[in-house]
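Student: Provided below for reference: sequence and predicted model.
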Amino acid sequence: MTQRADTDQDGPERAAAAIDAGAELDPVHPVQPPAPRCKPGGLTTAEVAERVARGAVNDVPVRSSRSTTDIVRANVFTRFNAIIGVLWVVMLIVAPIQDSLFGFVIIANTGIGIIQEMRAKKTLDSLAVIGEVKPSVRRDGRTAEISTSEIVLGDVLELGPGDKVVVDGAVGEADGLEIDESLLTGEADPVLKKPGDPVMSGSFVVAGGGAFTATKVGREAYAAQLAEEASRFTLVHSELRSGISTILKYVTWMMIPTSIGLIISQLVVKDSNLKDSIARTVGGIVPMIPEGLVLLTSVAFAIGVIRLGRKQCLVQELPAIEGLARVDVVCLDKTGTLTEGGMDVTELRPLGGAEAAYVKKVLGALGESDPRPNASLQAIVDAYPDSAEWRCTESLPFSSARKYSGASFSEGDGENSTWLLGAPDVLLPAGDPALDEIDGLNEQGLRVLLLARSGRELDDAAVATGVRPTALVVLEQRLRPDAAETLRYFEDQNVKAKVISGDNAISVGAVAGKLGLPGAQNTVDARELPAERDGMAQVLDGNAVFGRVTPQQKRDMVGALQSRGHTVAMTGDGVNDVLALKDADIGVSMGSGSEATRAVAQIVLLNNSFSTLPSVVAEGRRVIGNITRVATLFLVKTVYSVLLAILVVCSQVEYPFLPRHLTLLSTLTIGVPAFFLALAPNKERARPHFVKRVMRYAIPGGVIAAVATFVTYLLARHHYTGEGALQAETSAATLTLFLTTMWVLVIIARPYTWWRVGLVGAMGLAFLIVLVVPWLQRFFELKLVGTTMPWTAVAVAAAAAFLIEVTFRWVARKFPA
């Protein structure tokens, strides 16, 4: 067994009280008392119990869903529920129960919204437990993984590549420990930490390992408050939700003067039955409110979470479902995304006359020198077990930025040597003969590492200069069986895939070519990319495969694509992907990825299946496409209700409808159809400008419906006289409004499938039943009198439907969105 030199753990002692009290951490200029030596065995059970008893626990809420109270409050206590609630109470007092049906509909809608969000909460919470980061903590002489909420002040936490720092602390042990604090401080370069240095929650390890003592836990930790806010279940920060909020704001402003005018018109100017006037006033105000639109959006998102949860996909932020549907470029990290994590050594090629037995001994010692080997080194460890003759005196952990690792050894015969293992084209100068041999292997999609001996000390900045090539280690990567099909899906959906990897560009291109990625033959070495954003964006737009990309370049590439107006998704599982994942519009991490990648990603594929991604895209497109579709139905109703009220006020006539009539129309032409249409499959890529795209149809549709209905109502007022005239006039106007809005539904339901045709037909049949069944006629006060006026109502509706059809087609051509 190789013996490792002891790491530097000679940080000065500090009193236990100082640890317990916690030291102040300044995120930019940390000033920290000398670090304590990490207790080798960590805290004892008794010490942990004592800290728990006094509340020195890391009690920051985990990334999860809203509380039950928040869900109920968000669904019940809304502006429009308050308006409708008051009107409902009024109607219960002054009118028959059928004029109060709208209140029961709101109760049912609210109940459905709460139930669906509770189901989504249950799904999110259960998946969050599966995907939760569990740091390694020393207690009672043993190392165990525990929940972050169980960490106490003074705990000793171990760190390795990819681990996230979950609480503030002070380093006690460091073995080449490099920590990236860019998410907190904006500093791009990793910071080399030594015993005594502070570490901040929210940073993550990019290389090396070590241990630190927790000095601040819970809400006192530097990044805890930021993390708590960023990690909370979000529902409203999306274009869809903000667009709906904008629409509702304008609706509210339109409602206020219109409603006041209607109240004055019906209650003061008109000298008729008070209770009937109140009922018709309420009947005019209630349909102005698109109450079901917000509910349907929440339900659609919630059902999306539940559906994806069944596929082991954790949606950490709900807008991610919407965002991924808008994506037109997806950046893929090769390792762990297109390929599986593991690798196999397929060949060892000694160079320059080196002996194979000696090379294997070097590789075995290198494998043992790293306590947390990456996938490449793990394959070497498995292939070449360590011998007990060599002792590691110093090690250099692998870093994605430098592309190599290394170690210095005292060999069994007393000789000292320094070895590097990494990317051949980084360790060797251009034109080196060994590179010719490597290109042929890379073209087969194989990963090739160079073992080289250095004549310099490991801590020399130029340690990789002038190295002597000793052997090539050839590794075979295991392609994900579902990767090719997933790439084909993105191609079919007009989503461009860009493979961005730290590996050799030729090797990456060969892997992408095996999977059938368009443009895989055109590979770009990222070391030759332009530094300026415009130039980089131009190269990115014209190519699909990029190799030798550094973590900072991945971040820059995402920014360059975004500068060209692209909506970018980034997938990855390694610590080198964290910065790009954070900056991308949507970050997607594998469940087996590092703690840091899972923490910053909005979507985590817990089953590590790349093939789950099309399901997420499809779910987002279903939500956005369908909500955009049904929003037109709701807003046509709002527009025609407001315009009808204005026409009534200006004409000084009775409002034509009672609440029961518009409850019936809303249910048959909007409520029931919208529910089914909102949950139907929809593969159309989401497009921006939600408000514009909805209102360009809702305004002309609502105006035509209102004018047609009012024309029928005025004709009926001249046609009917005597007792029962108002009921007959209302019935004729209701028929026109139903047929006109049904045609809007017919348009919205396109393209037709058997169930959509059946849905539209069922709504028409339901209205027909109301018209012909006597007790339903009485219940809804709907009875067509004679034949002249009903057929006139049908003719007006037919003209309005034709006008809507022509107008919608003209709008689609004239104002494309």
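Tutor: Thanks, I have the structure now. Residues are numbered from 1 along each chain as shown.
Student: for stretch 89-104, what is the average pLDDT?
Tutor: Across stretch 89-104, pLDDT averages out at 84.
Student: cool, stretch 627-647 as well?
Tutor: The average pLDDT within stretch 627-647 is 90.
Student: Give me the three-state assignment for the closest residue in space to Asn75 that isn't next to it in sequence.
Tutor: Of all residues not flanking Asn75 in the chain, Gly113 sits nearest, at 4.5 Å (CB to CB, 6 or more residues apart in numbering). Glycine gets a C-beta too; all of them are placed from N, C-alpha and C. What DSSP: H, G, I helix; E, B strand; the rest coil gives for Gly113 is helix.
Student: ok, how many other residues are close to Phe690?
Tutor: Neighbours of Phe690 under the rule other CB atoms under 10 Å: 23.
Student: do the same with His566
Tutor: Using other CB under 10 Å, His566 is surrounded by 20 other residues.
Student: do the same with the one 4 residues further on
Tutor: Around Met570 sit 32 other residues, with neighbours defined as other CB under 10 Å.
Student: tell me the average confidence for the helix or strand harbouring Phe204?
Tutor: For Phe204, the host element (DSSP states H and E) is strand 204-216. If you average the pLDDT over strand 204-216, you get 88.
Student: Alpha carbons only: can I get it in CSV?
Tutor: Output in CSV follows, covering the C-alpha atoms of strand 204-216 (Å, rounded to 0.1, in the frame of the first residue of the first chain):
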residue,chain,number,x,y,z
PHE,A,204,-17.4,24.4,-3.8
VAL,A,205,-14.3,22.3,-4.2
VAL,A,206,-12.7,22.2,-7.6
ALA,A,207,-9.6,20.2,-6.7
GLY,A,208,-7.9,18.5,-3.8
GLY,A,209,-9.4,17.6,-0.5
GLY,A,210,-9.4,18.4,3.2
ALA,A,211,-11.6,19.0,6.2
PHE,A,212,-12.9,22.1,8.0
THR,A,213,-14.6,22.9,11.3
ALA,A,214,-18.0,24.5,11.2
THR,A,215,-17.9,27.9,12.9
LYS,A,216,-21.3,29.3,11.7
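Student: The residue nearest to Asn75: what's it in contact with?
Tutor: Asn75, Leu295, Ser298, Val299, Ala302 (CB atoms under 8 Å, 6 or more residues apart in numbering).
Student: Would you verify that the fourth one is located in a helix?
Tutor: Yes. For Val299, which was evaluated using three-state DSSP, the result is membership in a helix.
Student: surely it meets Gln116?
Tutor: Yes. Counting by CB atoms under 8 Å, Val299 does reach Gln116; the two are 4.7 Å apart.
Student: quick one, longest helix in the protein?
Tutor: Counting residues, the longest helix in the chain under DSSP state H turns out to be helix 613-651.
Student: With Ser592 as the reference, measure out to Leu479.
Tutor: 16 Å (CB to CB, to the nearest Å).
Student: Now Ala631: closest residue in space, sequence neighbours ignored.
Tutor: Nearest one to Ala631, counting by CB to CB, 6+ apart, is Val694 at 4.7 Å.
Student: The helix or strand encompassing that neighbour - what's its average pLDDT?
Tutor: For Val694, the element it lies in under DSSP H and E is helix 690-719. What helix 690-719 shows for mean pLDDT is 93.
Student: Also stretch 400-415?
Tutor: pLDDT averaged over stretch 400-415 gives 82.
Student: measure that stretch end to end?
Tutor: From its first residue to its last, stretch 400-415 covers 30 Å (CA to CA, to the nearest Å).
Student: if we can go back for a sec, which helices and strands does the helix or strand just after the longest helix of the chain pack with?
Tutor: Once the chain leaves helix 613-651, the next helix or strand it forms, by DSSP H and E, is helix 659-666. Helices and strands touching helix 659-666, by 3 or more CB pairs under 8 Å, 6 or more residues apart in numbering; DSSP states H and E, are helix 101-131, helix 274-285, helix 725-748, helix 774-780.
Student: what is the mean pLDDT for stretch 484-501?
Tutor: Rounded mean pLDDT across stretch 484-501 is 89.
Student: right, I mislabeled it, should have said stretch 360-367
Tutor: Here the average pLDDT along stretch 360-367 is 88.
Student: what sits up against that stretch?
Tutor: For stretch 360-367, contacts defined as CB under 8 Å, 6+ apart pick out 2, 348, 373, 377-378, 380-381, 383-387, 389-390, 392, 405-407, 409, 419, 421, 451, 470-471, 473.
Student: Among those residues, name the ones in strands.
Tutor: Counting by DSSP state E, the contacts of stretch 360-367 place Leu348, Cys392, Ser405, Gly406, Ala407, Phe409, Trp419, Leu421, Leu451, Thr470, Ala471, Val473 in strands.
Student: want to try CSV for those residues, with neighbour count as columns?
Tutor: Output for the ones in strands among the contacts of stretch 360-367, formatted as CSV (neighbours: other CB atoms under 10 Å):
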residue, neighbour count
Leu348, 17
Cys392, 19
Ser405, 25
Gly406, 25
Ala407, 26
Phe409, 23
Trp419, 22
Leu421, 27
Leu451, 27
Thr470, 22
Ala471, 24
Val473, 24
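Student: Output the residues you listed in TSV, with distance to Asn522 appended to each entry.
Tutor: Putting the ones in strands among the contacts of stretch 360-367 into TSV (distance: CB to CB, whole Å) gives the following:
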residue	distance to Asn522
Leu348	32
Cys392	42
Ser405	31
Gly406	34
Ala407	38
Phe409	42
Trp419	36
Leu421	30
Leu451	31
Thr470	33
Ala471	31
Val473	28
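Student: and the residue of the chain most remote from its centre, backbone torsions?
Tutor: Here the chain reaches farthest from its C-alpha mean at Gly722, the gap being 62.6 Å by CA atoms, centre = their mean. Main-chain torsions, Gly722, degrees, to the nearest 10: phi 80, psi -170.
Student: Please apply the same query to Val545.
Tutor: Torsion angles, degrees, to the nearest 10, at Val545: phi -130, psi 130.
Student: burial count for it?
Tutor: Neighbours around Val545, by other CB under 10 Å: 26.
Student: residue contacts, it?
Tutor: Lys498, Val499, Ala505, Val508, Gly509, Ala512, Leu517, Gly519, Ala520, Asn522, Thr523, Val524.
Student: Quick check: what element follows whichever strand or helix holds the first one along the chain?
Tutor: Per DSSP H and E, Lys498 falls inside strand 496-500. Toward the C-terminal end, the helix or strand that comes next after strand 496-500 (DSSP H and E) is helix 505-514.
Student: Run through the neighbouring helices and strands of the helix or strand immediately after that next one in the chain.
Tutor: Per DSSP H and E, the first helix or strand lying C-terminal to helix 505-514 is strand 523-525. Identification of packing neighbours for strand 523-525 by 3+ CB pairs under 8 Å, 6+ apart yields helix 505-514, strand 545-547.
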